[in-house]
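*Asks:* what would the 3D arrangement of this be:
(one chain, ligands or ions: 1)
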Amino acid sequence: MYDGGQGAGQLPESLDWLPLGRQPGQPRTHRHRGKTMAKEVQTQAGRCSTHGTVQATREVPETGFPFAVYAIWRAAAQRRPFLCPECGAAVQAD
Ligand SMILES: [Zn+2]
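*Replies:* As a prediction, this is how the structure comes out:
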């Protein structure tokens, strides 16, 4: 068995010095700053198809600085169904 030339197996190693995948000017600084988005948990009695009447919950983001953005998030969250705390399924509001 021959590989047709010496050094062929060293090719990947010879490229290790290249800064592949490291883009100058695009530092990966997507870290949390210890500030999490405040959530308001809404509860409502609802009917789960599996668990019957449950206290269903729904998380809605609390209003924060970019008011327009939060208004959209809240509006979207308000349209989501309440979820069963047991199985997470959408429940029918009573
Ligand atoms: Zn359930």
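*Asks:* and stretch 43-61, what's buried?
*Replies:* 46, 48, 54, 56-58, 60-61 (16 or more other Cβ atoms under 10 Å). For the C-beta atoms, the positions are set from N, CA and C on the backbone; glycine is no exception.
*Asks:* restricted to strands, list those.
*Replies:* 46, 48, 54, 56-58, 60-61 (DSSP state E).
*Asks:* and these, which two are furthest apart?
*Replies:* Spanning the widest gap among those are Cys48 and Pro61, at 24.3 Å by Cβ to Cβ.
*Asks:* and the longest helix along the chain, what does it pack onto?
*Replies:* As assigned by DSSP state H, the longest helix anywhere in the chain is helix 67-79. Secondary-structure packing of helix 67-79 (3 or more Cβ pairs under 8 Å, 6 or more residues apart in numbering; DSSP states H and E): strand 52-61.
*Asks:* pull the CA atoms of the strand it packs on into PDB?
*Replies:* Output in PDB follows, covering the C-alpha atoms of strand 52-61 (Å, rounded to 0.1, in the frame of the first residue of the first chain):
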ATOM      1  CA  GLY A  52     -58.500  18.000  33.100                       C
ATOM      2  CA  THR A  53     -58.800  21.400  34.800                       C
ATOM      3  CA  VAL A  54     -55.400  22.800  35.500                       C
ATOM      4  CA  GLN A  55     -53.900  26.200  36.300                       C
ATOM      5  CA  ALA A  56     -52.400  26.900  33.000                       C
ATOM      6  CA  THR A  57     -49.500  29.300  32.700                       C
ATOM      7  CA  ARG A  58     -48.100  31.600  30.000                       C
ATOM      8  CA  GLU A  59     -45.000  33.700  30.000                       C
ATOM      9  CA  VAL A  60     -45.200  37.200  28.700                       C
ATOM     10  CA  PRO A  61     -42.200  39.500  28.500                       C
END
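*Asks:* what mean pLDDT does that strand have?
*Replies:* What strand 52-61 shows for mean pLDDT is 95.
*Asks:* who touches that strand?
*Replies:* Strand 52-61 has contacts (Cβ atoms under 8 Å, 6 or more residues apart in numbering) with 37-48, 70, 73-74, 77-78, 80-86, 91, 93-94.
*Asks:* same check on stretch 76-92?
*Replies:* Identification of contacts with stretch 76-92 by Cβ under 8 Å, 6+ apart yields 42-44, 46-51, 54-61, 93.
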